[in-house]
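J.: sequence unknown, structure follows:
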Ligand SMILES: C[S@@+](CC[C@H](N)C(=O)[O-])C[C@H]1O[C@@H](n2cnc3c(N)ncnc32)[C@H](O)[C@@H]1O
């Protein structure tokens, strides 16, 4: 368990975790040399940059995101990181909506990855997105989608899930789940025509406590009343990220 009590420690914990997640996804995907990976809902590139460190140097990434609502400004941050790391020739940013990806041709993608995207879509939006993924993926291609589990394993994880449900700024339409359950996603993937669905669990192990727990929830636009009501608990024990579950599947 990594206990972060300062913003710097939290930042370091996130970096380590994203790095492990990128390694885990790449290990379980048949990533041939030279393929282009489409990362949907890439945001500021928390996963994009470590993915670049783990994929073959002849592979490229298309980083796709809407960059709107609470995530406005993400494109500029991502561009900055790409430039800082010297990945300009291998990462291309594309702005668009996963529910209607007119920017991407039918059967043109080999590998599609996302992390924490489904939590920002409602059920109808997720169904639309999965249909789009099916349309743009080639036959015999692969996907991996990471999400935090909506089932808390202890009271600190429960607090984080409850806090998230009190966010004042969300994507539209506002999703009514913290994230979809594994069974729900597996069912939707199968109904959309994907096969070989496997769910793997990945321990996050990040606990945030003390004043930084409060600052973090404020940055996430959590209702100040919720934060005030849980101030003592946040300062003493903080909140903890739930386990991450990752859905792997393929398009037959
Ligand atoms: C919780 S963030 C995760 C960002 C990044 N994947 C990570 O793990 O750090 C969710 C991302 O999904 C993007 N997103 C949400 N709805 C989207 C949509 N309909 N189309 C494209 N991107 C979307 C948001 O803009 C945001 O960058």
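T.: In hand now; what should we look at? Remember, it's a predicted structure, so these values are computed and weren't measured experimentally. Numbering: from 1, shown residues only.

J.: separation between the closest residue to residue 155 other than its chain neighbours and residue 231?
T.: Nearest residue to residue 155, sequence neighbours excluded (C-beta to C-beta, 6 or more residues apart in numbering): residue 237, at 7.9 Å. Using the backbone N, CA and C atoms, a C-beta is placed for each residue, glycine as well. Separation of residue 237 from residue 231 (C-beta to C-beta, to the nearest Å) stands at 12 Å.

J.: If you count surrounding residues, which of those two has more?
T.: For residue 237 versus residue 231, the count of surrounding residues by other C-beta atoms under 10 Å is larger for residue 237: 17 against 12.

J.: looking at it, that one is touching residue 209, isn't it?
T.: Yes. Here residue 237 reaches residue 209: they are 5.9 Å apart, a contact under C-beta atoms under 8 Å.

J.: I would like the residues contacting stretch 175-184, please.
T.: 116, 118-123, 125-126, 147-151, 161, 164-165, 188, 199, 245, 247 (C-beta atoms under 8 Å, 6 or more residues apart in numbering).

J.: coming back round to it: residue contacts, the residue nearest to residue 155?
T.: 155-156, 209.

J.: For the ligand, see how far away it is.
T.: 24 Å (C-beta to the nearest ligand atom, to the nearest Å).

J.: what's the pLDDT at that residue?
T.: Reported pLDDT at residue 237 in the predicted model: 95.

J.: Tell me the residues on the stretch 101-250 of the chain that lie near the ligand, please.
T.: With the criterion set to C-beta under 6 Å from any ligand atom, the stretch 101-250 of the chain comes near the ligand through 115-117, 120-121, 171.

J.: Now, those that are in helices?
T.: Among these, no residue falls in helices (DSSP state H).
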